[in-house]
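[1] Mind folding the following:
(one chain, ligands or ions: 2)
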Amino acid sequence: SQGIMIVIIMGVSGCGKYLVCECLCLQLGWPLYEGDDFHPPENIDKMARGEALTDQDRFPWLHKLHQATVKARRSSSDAIVVCSALKRLYRLILLHGRQALTSSSCTEREALPPSLPGLIHQRMVARSGHYMRADMLQSQFSALEPPGAEERGPQGSPLKGLPREQTIIAQ
Ligand SMILES: Nc1ncnc2c1ncn2[C@@H]1O[C@H](COP(=O)(O)OP(=O)(O)OP(=O)(O)O)[C@@H](O)[C@H]1O
Ligand SMILES: O=C(O)[C@H](O)[C@@H](O)[C@H](O)[C@H](O)CO
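    Ligands and ions are numbered 1, 2, ... in the order given. Alright, predicted model coming up:
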């Protein structure tokens, strides 16, 4: 629907999504959908054991989060979604649900600064009380597909014919 904005805050575990969201939510007052709240217990148990999730583990979780954004749209509400959304397909599922499975090709991706994994690793080591251990970070970067230019702003939708306001992604 016209003018509704769904902002996805994405990135590997420990990159600072929660911190960014706290600030954004305070500023904007939009409802927040926290990806961790949507994982089935099996996914949380798996990650806590130190095992990376597979696509098959993540698809139902991403669909649930998508449903939450559909609900927000229906009630004409903007929303912020916090979710690792590591791969392009995951982001498309979040934004477009099942239509994402017929997705189009992507453009070139920005390279990440080489010092980034080390910095985030240090922060995860220092972080306590979180089920996601620092040694899981490597698997997060292995899965990560940084958003292509076409995903990163209101300038265009990666899926033809879908509204632009659905595709704003904040890294
Ligand atoms: N800009 C920053 N400078 C210093 N420390 C930071 C910064 N951003 C985040 N941190 C710290 O890094 C750790 C990870 O941040 P945060 O929990 O926000 O990441 P996350 O992406 O939400 O992680 P997860 O997906 O695992 O829940 C936290 O201890 C946080 O306080
Ligand atoms: O896709 C994934 O592997 C997961 O979403 C993880 O990234 C965690 O849920 C989250 O980041 C909390 O640490």
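
[2] contacting residues around the helix ranked longest in the chain?
    Using DSSP state H to define each element, the chain has its longest helix at helix 55-74. Contacts with helix 55-74, where a contact means Cβ atoms under 8 Å, 6 or more residues apart in numbering, come from 1, 4, 6, 31, 33, 35, 38-40, 42-43, 46, 78-79, 81, 83, 85, 89-90, 93-98. (Glycine included, C-beta is placed from N, CA and C.)

[3] How far does stretch 50-64 sit from its chain's centre?
    Taking Cα atoms, centre = their mean, to the nearest Å, one finds the center of stretch 50-64 at 12 Å from the center of the full chain.

[4] er, stretch 119-126 actually
    20 Å.

[5] try stretch 123-141
    Taking Cα atoms, centre = their mean, the mean C-alpha location of stretch 123-141 is offset from the chain mean by 17 Å.

[6] Which residues in that stretch does the neighbour count mark as buried?
    For stretch 123-141, the neighbour count (16 or more other Cβ atoms under 10 Å) marks M124, M132, A134, M136, L137, S139, Q140 as buried.

[7] And for stretch 17-33?
    By neighbour count on 16+ other Cβ under 10 Å, the buried set for stretch 17-33 is K17, V20, C21, L24, W30, L32, Y33.

[8] wait, which of those is closest to ligand 1?
    Lowest distance from ligand 1 to the buried residues of stretch 17-33 (Cβ to the nearest ligand atom) belongs to K17, with 3.4 Å.

[9] C23 is in contact with the closest one, correct?
    No: using Cβ atoms under 8 Å, K17 is not in contact with C23, being 11.2 Å away.

[10] and the contacts of helix 55-74, which are buried?
    Taking 16+ other Cβ under 10 Å as the criterion, what is buried in these is 4, 6, 33, 35, 38-39, 43, 46, 78-79, 81, 83, 85, 89-90, 93-96.

[11] near ligand 2 too, which of these?
    G35 (Cβ under 6 Å from any ligand atom).

[12] residue ranges with poor pLDDT in the protein?
    1-2, 103-109, 152-171 (pLDDT under 70).

[13] what does this protein put close to ligand 1?
    11, 13-19, 84, 123, 127, 130, 132.

[14] out of the contacts of helix 55-74, which are inside helices?
    Those of the contacts of helix 55-74 lying in helices (DSSP H): E42, N43, K46, L89, Y90, I93, L94, L95, H96.

[15] Give me the contact list for stretch 28-43.
    So stretch 28-43 is contacted by 7, 18, 21, 24-25, 44, 53, 57-58, 60-61, 64-65, 68-69, 72, 77-85 (Cβ under 8 Å, 6+ apart).
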